[in-house]
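Peer 1: Compute the structure for the input listed below.
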Amino acid sequence: MTHARQHPARPRIQVVAHRGASEDAPEHTLAAYRKAIEDGADALECDVRLTADGHLVLVHDRRVNRTSNGRGAVSALELADLAALDFGSWKDREESPDWDAEGPDPERTSVLTLERLLGLVADAGRPVELAIETKHPTRWAGQVEERLLFLLKRFGLDAPPAYRPGEPSPVRIMSFSARSLHRVRAAAPTLPTVLLMQFVSPRMRDGRLPAGTHIAGPGIRIVRNHPGYIRKLQQAGYPVHVWTVNDPEDVQLCADLGVEAIITNRPRQVLSQLGQ
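Peer 2: Numbers count the residues shown, from 1 in each chain. You can find the predicted model right below:
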């Protein structure tokens, strides 16, 4: 594989495993995150939703229909309901038709809680950062952030030193919802926050983000179509974390622009391309 060109004076690009090593294992499963750690990912990205009985689980969609054999909204189901569902055999059937010869692997099929993921990271044996995305809208607005900060406090991650661009941070909170990030900043002002963006808002065309936002999180389409906007963000002093970057050409574009982090389903391949 041809290595991506990087400016020698620029720091190492952080490679973040999107929903774990989700190209190789079912997204948001323990197997996907174990694989990402084994592959050398610098950080793990996850989406959190609150169940009806107050547990934060790692599920991207509002409903479980796409990624499990069940139906219904996460917010209307209890953890026991989710634990009874299969969140991974759909991927095994595509890639390993004989998976049921030995029975399904719980690490590839069971719903994963944020608490379990925090435990995995704590036992990783090396520093692994977490990029936690709150999903909105939800019937549990406000309670998601409250429960999230409660869990981070249990693991000693709720009050890191004040964030400085370019410095490592054990955990950062991401969202498309500026209101969610505001709640996090009000309760835990030193936690770094990432504003995720699907398009360039007219209010932010000059590269300025809402007050208190630490990091810009544009999608790869913004990077492809508006590379000048990425430079405006950088000139305004914001690190840039780009999602979801899987194609080698996009990895190279991000390297050329000097972004700080690449969020990808393919951490091993991206690390290899970057020569890291």
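
Peer 1: need the helix or strand of the chain with the lowest average pLDDT.
Peer 2: helix 89-95 (a mean of 69; mean pLDDT, DSSP states H and E).

Peer 1: after that helix, next one along is what?
Peer 2: Under the assignment DSSP states H and E, the closest C-terminal helix or strand after helix 89-95 is helix 106-109.

Peer 1: which residues does residue 124 contact?
Peer 2: By C-beta atoms under 8 Å, 6 or more residues apart in numbering, residue 124 lies in contact with residue 37. Placement of C-beta: from N, CA and C, glycine included.

Peer 1: What is the helix ranked longest in the chain packed up against?
Peer 2: Assignment by DSSP state H gives helix 143-154 as the longest helix of the chain. Packing partners of helix 143-154 (3 or more C-beta pairs under 8 Å, 6 or more residues apart in numbering; DSSP states H and E): strand 43-50, strand 56-57, helix 114-122, strand 129-134, helix 178-187.

Peer 1: got the ones you listed as a markdown table, with mean pLDDT columns?
Peer 2: Listed next are the helices and strands packed on helix 143-154 as a markdown table, based on pLDDT from 0 to 100:
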| stretch | mean pLDDT |
| --- | --- |
| strand 43-50 | 98 |
| strand 56-57 | 98 |
| helix 114-122 | 98 |
| strand 129-134 | 98 |
| helix 178-187 | 95 |
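
Peer 1: And these: which comes nearest residue 263?
Peer 2: strand 43-50 (5.5 Å; C-beta to C-beta).

Peer 1: name the helices or strands packed onto that closest one?
Peer 2: Right, strand 43-50 is packed against strand 14-18, helix 30-39, strand 56-57, helix 114-122, strand 129-134, helix 143-154 by 3+ C-beta pairs under 8 Å, 6+ apart.

Peer 1: any chance of the ones you listed in CSV, with distance to residue 88 and mean neighbour count too?
Peer 2: What follows is the helices and strands packed on strand 43-50, written out as CSV (distance: least, C-beta to C-beta, whole Å; neighbours: other C-beta atoms under 10 Å):
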stretch, distance to residue 88, mean neighbour count
strand 14-18, 16, 26
helix 30-39, 7, 22
strand 56-57, 14, 25
helix 114-122, 15, 17
strand 129-134, 20, 23
helix 143-154, 23, 18
